[in-house]
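**Student:** Please work out how this folds:
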Amino acid sequence: SRWLSEYYEKSPSLDAIYRFMDAISDREDRIKKTVQRNSSNLIGEGPTLILYDVTTLYFESFEEDAIRQSGFSKDNKFRETQIVLALAATPDGLPLWYEVYPGKTAEGKTFMDYMQKMPQLTARARAGLASGRGDVVCRGVIAADSAMFNSINIEELKKNLEKLNKKIEKITKEKEEYSE
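**Tutor:** Now for the predicted structure:
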């Protein structure tokens, strides 16, 4: 409310803000894709480095639900409920994608799910091919802390490598045919 008042000279009530948040929650995927597309336009050819990190956000609440749950808190708020937020960004701080996980989700368990959902890391992006459709293309490295690269995730990445190579070949062929 203060931010809206300061920057836009509007002072909505807290109830109005909550109603607005309810209204946009149904459009979360569309909003994420819009942020991703706009970041893509600013980046151009795609980042050579994607920074991936996970944090916890706590609530002044002790009642759990499907997403707000007790879990390991980075803020030392072990009794309050929390959510786990995963974010990928460029080194300049441009957001690329985010996911929200239930509060008791371990950091390392977010990585593979995130890799599947993040559009920048689809087969097209992993191959370093420009799609011409505004996808952010990662032509380099994903940096994350060691919790993300545990033995389970490494094995899963190895298993998916063959599938990924087949997708890359298919996309490359489609791109070549499209270019002709």
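
**Student:** C-alpha from now on. contacts and neighbour counts both.
**Tutor:** Fine.

**Student:** next SSE after the longest strand seen in the chain?
**Tutor:** If you go by DSSP state E, the chain has its longest strand at strand 49-58. Following strand 49-58 in sequence order, the next helix or strand is strand 82-89 (DSSP states H and E).

**Student:** Bridged to residue 89, which residues?
**Tutor:** Counting by DSSP bridges, residue 89 is bridged to residue 51, residue 95.

**Student:** any idea what sits nearest residue 112, other than its immediate chain neighbours?
**Tutor:** Ranked by Cα to Cα, 6 or more residues apart in numbering and with sequence neighbours excluded, the top spatial neighbour of residue 112 is residue 153, at 6.6 Å.

**Student:** That should have said residue 4, apologies.
**Tutor:** residue 10 (5.6 Å).

**Student:** And for residue 90?
**Tutor:** Once flanking residues are discounted, residue 90 sits nearest to residue 50: 5.3 Å by Cα to Cα, 6+ apart.

**Student:** That neighbour and residue 42, how far apart?
**Tutor:** 15 Å (Cα to Cα, to the nearest Å).

**Student:** The two: which has the busier surroundings?
**Tutor:** residue 50 (25 against 12; other Cα atoms under 10 Å).

**Student:** if we can go back for a sec, wait, the residue nearest to residue 4 sits on residue 16?
**Tutor:** No: using Cα atoms under 8 Å, residue 10 is not in contact with residue 16, being 11.7 Å away.

**Student:** Could you name every residue contacting both of these two?
**Tutor:** Shared contacts of residue 10 and residue 16 (Cα atoms under 8 Å, 6 or more residues apart in numbering): none.

**Student:** May I ask which helix or strand of this protein has the lowest mean pLDDT?
**Tutor:** Least confident helix or strand, the chain: helix 123-126 with a mean of 42, by mean pLDDT, DSSP states H and E.

**Student:** Check which helices and strands the longest strand of the chain sits against.
**Tutor:** strand 82-89, strand 141-143 (3 or more Cα pairs under 8 Å, 6 or more residues apart in numbering; DSSP states H and E).

**Student:** who wins for proximity to residue 106 among those strands?
**Tutor:** Closest to residue 106 of these is strand 82-89 (Cα to Cα; 8.5 Å).

**Student:** and that closest one, C-alpha only, in PDB?
**Tutor:** C-alpha atoms of strand 82-89 as PDB (Å, rounded to 0.1, in the frame of the first residue of the first chain):
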ATOM      1  CA  GLN A  82       6.500 -20.700   5.300                       C
ATOM      2  CA  ILE A  83       6.800 -21.200   1.500                       C
ATOM      3  CA  VAL A  84       9.800 -22.100  -0.500                       C
ATOM      4  CA  LEU A  85      10.600 -19.700  -3.400                       C
ATOM      5  CA  ALA A  86      12.900 -20.800  -6.300                       C
ATOM      6  CA  LEU A  87      14.200 -18.100  -8.600                       C
ATOM      7  CA  ALA A  88      16.300 -18.000 -11.700                       C
ATOM      8  CA  ALA A  89      17.900 -14.600 -12.700                       C
END
